[in-house]
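A.B. asks: quick one, fold the following:
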Amino acid sequence: MSRNSEGAYVPVKNYIPQVLESTATMHDREYFQDHVESRSQSSQTLVLPTIYNSSTIAGQQLRVKTENREGVRIIYTIHEYNPLIDSSNMQLVDYLKIAKDIEDSYHEYDGFVILHGTDTLAYTASTLSFLCENLGKPIVLTGAQVPAAEMRSDAFDNILGSIVIAGNYKIPEVAVFFNRKLFRGNRVQKVDADEFDAFTSTNSSPLVEMGINIRVNSDAIWRTHEINKFQIAKNWSRKVGLLRIFPTITAQTVRHFLQPGMDGVVLQTYGAGNGPSNRKDIMAEIKAATDRGCLIVNCTQCHRGNVTTDYEAGLEFEKIGVVPGHDMTPEAALAKLSYVCGMADKLSIEEQRQKMKENLRGELTTHKKEDANTHPFDTEFIEAVASVINTSSEDEMLRVKRAIFPALLCSAARENSVTQLRILKNQGADYNCEDYDKRTPLHIAAAEGNLKAMKELIEHGALVHAKDRNGMTPLYDAIKGCHFKCIEILRQTNAKLQINPQKCGSILCRLAYESDYNKLQAWLQAGIDLMTPDYDGRTALHIACAEGNSEIVAFITGQGCKARVFDRFGRSPWDEANALDDSDKKQEILDFLSWAEQNENRKIEN
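C.D. replies: Predicted coordinates for the structure are as follows:
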């Protein structure tokens with residue numbers, strides 16, 4: 001934003017892209033020109049200077065560097081909406097547009113940053129957290145208390161921190177980054193209109209804190225527990241609202257607010273979820289609404305704390321069908337209501353009430369008694385290892401765990417032992433931990449074709465988009481091993497191969513040369529076009545024709561490909577086939593090519 005002629009802040013088109021491009025800490029112009037510009041498909045692609053991360057993850061310091069020790073480079077593209085709006089003017093259509101744009105470009109990027117005004121940022125973060133189902137990548141919202149046009153703006157610090165987190169850390173959540181802290185998006189509220197520390201999350205700890213070191217609270221990160229692909233929630237109810245209880249509220253006001261047509265209401269009550277239980281007229285109106293199917297959720301007006309039934313004034317609400325909102329913020333409860341009420345076509349009202357009580361996106365704290373046998377510091381084996389190296393403190397014990405858990409988890413994944421995986425998880429192990437080569441247990445399970453281990457890992461938050469040191473995901477390991485059932489499971493989660501197309505084409509050409517039918521089939525099952533060209537524009541079909549391999553030609557042409565594609569030397573598969581000495585093979589392959597061409601012509605005609 002910048003000031004207009006009347007001195008008021010208004011959004012200015014193309015202002016932020018220009019400012020970021022001209023700011024050295026936000027764009028390394030020299031590196032961009034030498035390494036990025038020639039392959040960039042957008043005029044608004046920028047690159048950060050080299051980042052040498054010194055990160056502390058649950059007590060262990062990690063320095064994130066690339067193999068060539070040049071640090072980490074984050075390349076980002078700016079997409080600016082038209083028109084730009086003040087966040088006070090946000091509507092459902094704007095939430096849906098942001099979510100759809102992320103869905104459309106989900107596989108092109110490792111993370112997303114949304115620049116947003118602070119006034120309704122908490123509402124947007126909560127809404128996106130429920131709109132985005134089975135999220136496997138970070139979506140970070142940020143803004144500024146003082147616009148970038150002003151001298152003492154916090155904009156650049158917030159933008160830079162958001163990009164660093166979104167491009168460099170595996171935090172598959174909708175989050176808010178502000179004043180050097182990353183919060184879960186459906187846990188934050190704006191609590192200060194004047195200070196830089198405008199947002200807080202009183203009922204949950206920050207996911208990341210940026211100081212001299214970047215401290216990541218990995219145990220607090222929420223991960224999806226379903227074997228399913230990323231998608232945007234299809235149905236969303238707008239017939240929801242917030243009703244704040246106050247001492248002089250009348251039954252008539254309550255009646256008008258809860259009139260038929262409302263799908264759901266967040267009822268903001270006093271303290272630990274208490275309300276005017278002796279006001280029979282008000283309680284009758286609330287009961288009438290719940291009886292006719294209105295989903296009412298009880299949230300406290302306090303910034304910190306939890307809704308309970310410790311007091312009769314709160315218990316009475318639950319007796320008449322009001323759902324306890326635990327420690328949800330009103331913003332999160334409102335978004336969750338819209339999400340759950342949107343399921344009315346497939347869930348009964350009782351099922352919707354139960355869904356509101358469940359922790360769907362980390363939006364509420366479930367109070368379960370901890371099993372003494374699963375406390376992360378009760379492992380006799382860990383204690384024995386710690387004692388050998390004279391380790392005694394809790395922090396040092398945690399360092400030992402972080403050192404040995406990756407090896408133990410990867411070993412359990414290799415052995416396909418769900419029991420061992422669960423034991424380690426109960427002892428505090430993270431299913432997304434990495435070994436020296438940044439390979440996760442899911443990489444190992446996929447490479448070995450261990451379906452049981454894969455399902456256990458994915459259902460308990462393992463990231464299908466995790467990359468090893470070579471930039472490969474678990475899907476690549478499953479393809480290499482021709483583990484078709486593993487490929488199928490990963491594809492259900494919408495896992496994609498993040499591999500250079502020309503490199504992919506070279507691999508396919510080699511497989512065609514080696515007549516490796518199984519691996520070609522594995523690549524096809526993974527969603528790869530078998531006609532992807534290599535650096536010379538040659539395809540697997542070119543190679544199969546040149547080698548006279550009619551079986552591979554039949555397989556590739558059977559996928560509905562174009563037979564007349566030309567490499568950079570001007571040769572097509574037809575030319576390769578016509579050059580064969582064996583007349584029988586030549587004719588057989590030409591027949592396959594002709595059949596493929598006829599099919600393609602029929603498609604064009606249709």
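A.B. asks: can you report phi and psi for D516?
C.D. replies: With angles defined as degrees, to the nearest 10, D516 sits at phi -90, psi 80.
A.B. asks: and it, how many residues sit next to it?
C.D. replies: 16 (other CB atoms under 10 Å). No exception for glycine: its C-beta is placed from N, CA and C like everyone else's.
A.B. asks: please tell me how far it sits from S550.
C.D. replies: Counting by CB to CB, to the nearest Å, the gap from D516 to S550 is 15 Å.
A.B. asks: over to C132?
C.D. replies: In terms of CB to CB, C132 sits 47 Å off from S550.
A.B. asks: the more surrounded of the two?
C.D. replies: It is C132, of C132 and S550, that has more neighbours when counted by other CB under 10 Å, with 27 against 19.
A.B. asks: okay, the more buried one and K357: tell me how far apart.
C.D. replies: Distance of C132 to K357, given as CB to CB: 21 Å.
A.B. asks: would you say E37 is within a helix?
C.D. replies: Yes: assessed by DSSP: H, G, I helix; E, B strand; the rest coil, E37 belongs to a helix.
A.B. asks: count of residues packed around it?
C.D. replies: 12.
A.B. asks: quick check: pLDDT value at it.
C.D. replies: E37 is assigned 85 on the pLDDT scale.
A.B. asks: distance of it relative to D28?
C.D. replies: 12 Å.
A.B. asks: with W574 instead?
C.D. replies: Counting by CB to CB, the gap from W574 to D28 is 47 Å.
A.B. asks: over to K355?
C.D. replies: 47 Å.
A.B. asks: try P49
C.D. replies: 5 Å.
A.B. asks: OK, contacts around T440?
C.D. replies: Contact partners of T440, counting by CB atoms under 8 Å, 6 or more residues apart in numbering, are C410, Y431, N432, C433, E434, A462, L463, A466, D468, P474.
A.B. asks: give me the nearest residue to it, chain neighbours excluded.
C.D. replies: A466 (4.9 Å; CB to CB, 6 or more residues apart in numbering).
A.B. asks: how many residues are close by that neighbour?
C.D. replies: A466, neighbours per other CB under 10 Å, totals 21.
A.B. asks: where does it sit, in terms of helix or strand?
C.D. replies: Here A466, judged by DSSP states H and E, is contained in no helix and no strand.
A.B. asks: confidence score at it?
C.D. replies: In this prediction, A466 carries a pLDDT score of 90.
A.B. asks: cool, and the one 5 residues further on?
C.D. replies: Model confidence at G471, expressed as pLDDT, equals 86.
A.B. asks: tell me how the protein divides into domains.
C.D. replies: 2-220, 235-357, 374-492, 501-605 (automatic domain parsing).
A.B. asks: any chance of a markdown table for the ones you listed, columns distance to E363?
C.D. replies: Listed next are the domains of the chain as a markdown table, based on distance: least, CB to CB, whole Å:
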| stretch | distance to E363 |
| --- | --- |
| domain 2-220 | 4 |
| domain 235-357 | 5 |
| domain 374-492 | 16 |
| domain 501-605 | 33 |
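A.B. asks: for those domains, which has the smallest mean pLDDT value?
C.D. replies: Among the domains of the chain, domain 374-492 carries the lowest mean pLDDT, a mean of 84.
A.B. asks: how close does Y15 get to S2?
C.D. replies: Distance from Y15 to S2, by CB to CB: 6 Å.
A.B. asks: which ones are touching C410?
C.D. replies: C410 makes contact with D435, R439, T440, P441, I444, according to CB under 8 Å, 6+ apart.
A.B. asks: among these, who's most crowded?
C.D. replies: That'd be P441 among these, by other CB under 10 Å, with 33 neighbours.
A.B. asks: which residue sits closest to that residue, ignoring its sequence neighbours?
C.D. replies: Residue nearest to P441 in three dimensions, not counting chain neighbours: A413, with 4.0 Å by CB to CB, 6+ apart.
A.B. asks: dump the residue contacts of that neighbour.
C.D. replies: Counting by CB under 8 Å, 6+ apart, A413 has contacts L421, P441, L442, I444, A445, E448, N450, A453, L457.
A.B. asks: between these, which is nearest N601?
C.D. replies: Of all those, L442 has the smallest distance to N601: 43.7 Å, by CB to CB.
A.B. asks: which residue ranges of the stretch 301-450 of the chain form strands?
C.D. replies: For the stretch 301-450 of the chain, applying DSSP state E, counting those that start in this stretch gives strands covering 323-324.
A.B. asks: out of P49 and D28, which sits in the more crowded spot?
C.D. replies: Neighbour count, other CB under 10 Å: between P49 and D28, D28 has more, with 18 against 14.
A.B. asks: next one: phi and psi at that one?
C.D. replies: The phi/psi pair for D28 (degrees, to the nearest 10) is phi -90, psi 90.
A.B. asks: for it, what are its contacts?
C.D. replies: By CB under 8 Å, 6+ apart, the residues touching D28 are V47, L48, P49, T50.
A.B. asks: wait, F230 touches I139, no?
C.D. replies: No: with contact defined as CB atoms under 8 Å, F230 does not reach I139; the gap is 10.7 Å.
A.B. asks: give me the common contacts of these two.
C.D. replies: Residues touching both F230 and I139 by CB under 8 Å, 6+ apart: C132.
A.B. asks: how many residues are close by K503?
C.D. replies: 12.
A.B. asks: what does the helix or strand it falls within contact?
C.D. replies: Following DSSP H and E, one finds K503 within helix 501-513. For helix 501-513, contacts defined as CB under 8 Å, 6+ apart pick out 497, 519-520, 523, 528, 530, 532-535, 538-544, 547, 549, 552, 556.
A.B. asks: repeat that for 10 Å
C.D. replies: The contact list for helix 501-513 (CB atoms under 10 Å, 6 or more residues apart in numbering) reads 479-480, 497, 499-500, 516-524, 528-547, 549, 552-553, 555-556.
A.B. asks: buried ones in that helix?
C.D. replies: For helix 501-513, a neighbour-count test (16 or more other CB atoms under 10 Å) marks C504, G505, S506, I507, L508, C509, L511, A512 as buried.
A.B. asks: which element follows it toward the C-terminus?
C.D. replies: Scanning forward in sequence from helix 501-513 by DSSP H and E, the next helix or strand is helix 517-525.
A.B. asks: show me what contacts the nearest residue to Q492 once chain neighbours are set aside?
C.D. replies: Leaving out its chain neighbours, the residue that sits closest to Q492 by CB to CB, 6+ apart is I227, at 5.4 Å. Contact partners of I227, counting by CB under 10 Å, 6+ apart, are N134, M454, K455, I458, E459, V464, I489, L490, Q492, T493.
A.B. asks: from M454, how far out is I227?
C.D. replies: According to CB to CB, I227 and M454 sit 9 Å apart.
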